Every structure is written in structure tokens, then in C-alpha cells.
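# with the input below, show me the fold.
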Amino acid sequence: MRAALALILILLPLSLSLACPPNAGYVGAIYKQGSDLNSLMEFLKASGIASSMEVGSFNFSPYSNFSYPSIYISIGSYEEGGSIKAYVFPGNSYTLLMVETDTNLSEAPLVYAESLLSGYLNPELIVNVSSSPNNWVPPVPLAEWSKLEKGEELKISVYKCGFIYSKLRRPQIEKVGVVANDIDYSLSFDMIRDAFERRGVGVDYLGSGARALIAAQKYRAVIILGGPKAPIVGRGVIPIMGEERKELGERGWVIVTRPWGTGIAVVIAGADRYLTKEAVKKFLSSELFDQVVKVVKEGREMKSISEKKGLVELVSSSGRCGYQEGPSLSVNVRGSYAYANYSLGHANPCAKFVLRGYKMEGNRITIELSTEETAEICVQCIGVIYANLVIGPLPPGSYELCIGGLCVPFRV
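Here you go, the predicted model:
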């Protein structure tokens, strides 16, 4: 664990030219860790992070013709959320991750990039964080890295007065941080907090937006509620979800995990706010929830962790007063997923279905459900119990779905 150091101001000689105000800046983290192009490409390909890569020499200031060899990564290249412009300078002993930021030298883009790339670059190995505006040539993070990796002192030309800093990060907080907008917070936060606190794990609500993402980097586990279309939070989850955004459109909800800092990030997203809430319930009753608890309590390194997805998922089940003769089953198909609605008459409405298992024989899918009481004292009326299920992904073809002896054909 790294101790925090006091802020250190580094004063450099100033140029007499005051006609070159900065319009951006760079903030970078130096890792005491070697890296190379091939391993970085393999990581990005396997990680699922939405990104593009370019190798070449890049200019970091509008006031200079100097360019420097680097690996450029655009993370989250989408119209909805823009992109994070990151540069990786690989080395045998030290690696620099440098990110373009604003003139206030905000750390937010760097923290986000660090977290997304933490499956490749270990945040515990960060030895220095520094920044400078883009009228400092070369950027201070690059000069710091050159000194450590190559033993070379790069002369920095400053075109206008300013300051930079160098420091180490504080250790992570042994809690779960939750990032969510007001809507998802009101619907789901209490459930998350209560579930973790019953397991002896504290939970903090961090808010939404850039400040929340900065705060989240310090936590061993962070849960981000909402998909790409969620107000405020949506832009932040686009790079994390990557290609799994397509599954959200077909399935209605998705749970995505990524390495985050030295812990884990879990994005829980639904096609709307209520499906996000249902996905939260599913997460809290899953093995993935147990694994996240271990990450927070034990502080063990999480390079990969995933939700175990079956062919059949029971999304929700509930009961209400009513009368129905015999079972009812309907199937709708969207993309490679089938969405089933099943209902059955019951002695009262205080029950729900539980998924006991399923089997697939040829193109026949048979699902086994049982009922479970939901209240000791129940309203005195005859009830109907409903279940919403999702089956998939399925390859194109004709299928038959059977529940409780009732079978319905469908085609994907």
C-alpha cells in the first residue's frame, strides 16, 4: 500500500512569451512495470473495453513541432460520450500512461483510464503522478518517465507561467462505492446497501459524473448503475460496457464486470430504470455478489471476474389477486433472445416462481419452476403467479419452449 505524500510544487523557468495560453493539458501516471505493444494489444482485444489504437509519433502542443513516439488509445469512441485520449509509453522497467485533460489539469480522465486499463497496468505499481498544461513542451509526465526509464533529462520549454504537481495516490477504501444518478439511486441504492451491510461490508453513495468517478477509483469495489442512455452516468459506462451494449438491447438488462484499480467494477444496466432495478436484485442473489464481498474484505487482486450466465434467466416473478384456469405461456423474440411470460393460478397471490433448472434436448427447451411463499400473512383472495424469463443467446432456428407441461413453438 502506498503512503500519501504532500503536494509538491515544481517551479520551472518561464518563457518571456505570454501569447500562448494553454487550451488543454496532460496528466500522467508512471508505473514501475514493464510493457510492450503486443501484450497491450492482446489485453485490449480480450478485455471487451471499447477502444481503438494507433502507433506513431504524436505532438502534444500547438506551440511546438516536436513529436514523440507513443501508443495512442482512444477509449470509448462513441458520439454519446466522446472519447478519452490516452497515450502509453512502454518501457522495460517503467510505463507511462498519459491522458489529455482540461486546462484545470483534472485527474478525472486519468483515473478513469487507470481503472479501465488496470487489468494490464497494476495501479499498486504507480510511483508518480504529474501534470502540465499543453504549452509546456514536452509534457511533464513524459519528462518524468524519460528520467526514470532512460536516465535522460528532457528540457522543458514553458510558454506561459503555470504549475504542475507530483504525488502518490492514497490506498483504496475497503468499502463498496456506488455511482448512480438520482433516479437509479432512489430505486436501487437501499437494496445494495442493505445486502452488503448484512455481509459486514460498508457502502458509500458517491453521486454521479466526473467527481464520482474520481472518488470511485479509491474503492476496492465500485458499482455503477445505469446503461449508456442513463442521464449523467451513461457517458461513463460506455467504454466499460464495450460490445456488451448490444446484449443490453436484446436482453433488456446486463451485468458487466471489469478490473477497476486493484479491485473490480460492476456495471448493472437495464433498458429502463425498472429493468435496472430488477438486474440489481439478480446481482444481489448471484455468486458474483459473493465474489465482490470477498474482494472488499480480503483485498485480493481481481484480474478477471465474471457473472456466470446460463441459457435461461428468471428476470422477475410476482403474484396478484385474480383467477386463471390452467397455465399460460407466450414467447416474444428480439434478436438472439426469447422472452417468455408464464402464469399459473394459485391459492393466493403471496407467492413467486423459483427457477429450479432447465434442459435442452435438440431444439426443445424445458424449464422447471417451483413456487415459493412470499408472506406469512396474505390477503384472502385467489391469485395468479407470473414469471418473466429470458432465454438465450440462441443460434438462428426453430425451437419449442416447455414449462409445466405447456409447450409453445418459436423461431429465432
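# can you give me the strands in the stretch 301-412 of the chain?
Here the stretch 301-412 of the chain has its strands, by DSSP state E, counting those that start in this stretch, at 312-321, 328-334, 337-346, 351-361, 364-373, 383-391, 398-403, 406-411.
# ok, now the stretch 1-150 of the chain?
Shown for the stretch 1-150 of the chain, the strands assigned by DSSP E, counting those that start in this stretch span residues 8-10, 25-31, 51-58, 68-78, 82-89, 95-101, 126-133, 136-137.
# tell me the buried residues in the fifth one?
The one in question is strand 82-89. Neighbour-count burial for strand 82-89 flags S83, I84, K85, A86, Y87, V88, F89 (criterion: 16 or more other C-beta atoms under 10 Å). Backbone N, C-alpha and C define where each C-beta goes, glycine included.
# and the first one, how close does it get to S74?
The gap separating S83 from S74 is 5 Å, by C-beta to C-beta, to the nearest Å.
# just grab the bridge partners of V137 for me.
With DSSP bridges as the criterion, V137 is bridged to S157.
# what number of residues lie near it?
For V137, the count of nearby residues is 22 (other C-beta atoms under 10 Å).
# with G28 instead?
26.
# which residues does it contact?
96-99, 110, 129-131, 139-142, 144-145 (C-beta atoms under 8 Å, 6 or more residues apart in numbering).
# that one - nearest residue in space that isn't next to it in sequence?
Distance criterion C-beta to C-beta, 6 or more residues apart in numbering; nearest residue to G28, sequence neighbours excluded, is P141 at 2.7 Å.
# quick one: neighbours of that neighbour, just the number.
Residues contacting P141 under the criterion other C-beta under 10 Å number 28.
# swap in S343?
S343 - counted by other C-beta under 10 Å - has 19 other residues nearby.
# from A375, how far off is it?
Per C-beta to C-beta, S343 is found 19 Å from A375.
# centre of the chain to the helix or strand A221 falls within, how far?
Assigned by DSSP states H and E, A221 belongs to strand 219-225. The chain centre lies 8 Å from the centre of strand 219-225; the measure is C-alpha atoms, centre = their mean, to the nearest Å.
# picking up where we left off before, single out the most deeply packed of the strands of the stretch 301-412 of the chain.
Mean neighbour count (mean count of other C-beta atoms under 10 Å) peaks for strand 383-391 among the strands of the stretch 301-412 of the chain, with a mean of 21.
# quick check, nearest of the buried residues of strand 82-89 to L394?
Using C-beta to C-beta, S83 comes nearest to L394 of the buried residues of strand 82-89, at 33.8 Å.
# thought V99 was touching the closest one, still the case?
No: look at S83 against V99 with C-beta atoms under 8 Å: they stay out of range, at 10.9 Å.
# which phi and psi does the closest residue to N65 other than its chain neighbours have?
The shortest distance from N65 to any non-neighbouring residue, by C-beta to C-beta, 6+ apart, is to N59 (7.1 Å). When read as degrees, to the nearest 10, the backbone of N59 gives phi -100, psi 130.
# offset the numbering so it begins at 121, please.
That works, and once the first residue is 121, the last one we named lands at N179.
# any idea how far A263 is from N179?
From N179 across to A263, the span is 16 Å (C-beta to C-beta).
# the two - which one has more neighbours?
Taking other C-beta under 10 Å, N179 and A263 do not tie; A263 has more neighbours (21 against 14).
# picking that back up, how about the strands of the stretch 421-532 of the chain in a markdown table, adding distance to E244?
Converted to a markdown table, the strands of the stretch 421-532 of the chain look like this (distance: least, C-beta to C-beta, whole Å):
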| stretch | distance to E244 |
| --- | --- |
| strand 432-441 | 36 |
| strand 448-454 | 43 |
| strand 457-466 | 39 |
| strand 471-481 | 40 |
| strand 484-493 | 44 |
| strand 503-511 | 39 |
| strand 518-523 | 48 |
| strand 526-531 | 50 |
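# using CSV, lay out the ones you listed together with mean pLDDT.
Shown next, in CSV, are the strands of the stretch 421-532 of the chain (pLDDT from 0 to 100):
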stretch, mean pLDDT
strand 432-441, 83
strand 448-454, 89
strand 457-466, 90
strand 471-481, 87
strand 484-493, 90
strand 503-511, 89
strand 518-523, 94
strand 526-531, 94
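# out of these, which is closest to G168?
Smallest distance to G168 across these (C-beta to C-beta): 19.0 Å, for strand 457-466.
# given the closest one, what are its sheet partners and their directions?
Here strand 457-466 has these sheet partners by DSSP bridges: strand 448-454 (antiparallel), strand 503-511 (antiparallel).
# so how far is that strand from its chain's centroid?
For strand 457-466, the distance to the chain centre is 31 Å (C-alpha atoms, centre = their mean).
# let's see that strand as PDB, backbone CA atoms only.
What follows is strand 457-466 as a C-alpha-only set of coordinates in PDB (Å, rounded to 0.1, in the frame of the first residue of the first chain):
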ATOM      1  CA  TYR A 457     -33.100 -13.900 -27.200                       C
ATOM      2  CA  ALA A 458     -36.500 -15.300 -26.400                       C
ATOM      3  CA  TYR A 459     -38.600 -13.600 -23.800                       C
ATOM      4  CA  ALA A 460     -41.200 -15.800 -22.100                       C
ATOM      5  CA  ASN A 461     -44.200 -14.800 -20.000                       C
ATOM      6  CA  TYR A 462     -45.600 -17.700 -17.900                       C
ATOM      7  CA  SER A 463     -48.500 -17.600 -15.400                       C
ATOM      8  CA  LEU A 464     -50.400 -20.100 -13.300                       C
ATOM      9  CA  GLY A 465     -53.400 -19.900 -10.900                       C
ATOM     10  CA  HIS A 466     -52.600 -20.200  -7.200                       C
END
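# hmm, who's touching that strand?
Strand 457-466 has contacts (C-beta under 8 Å, 6+ apart) with 370-372, 439, 443-453, 473, 487, 489, 491, 502-514, 519, 521, 523-524, 530, 532.
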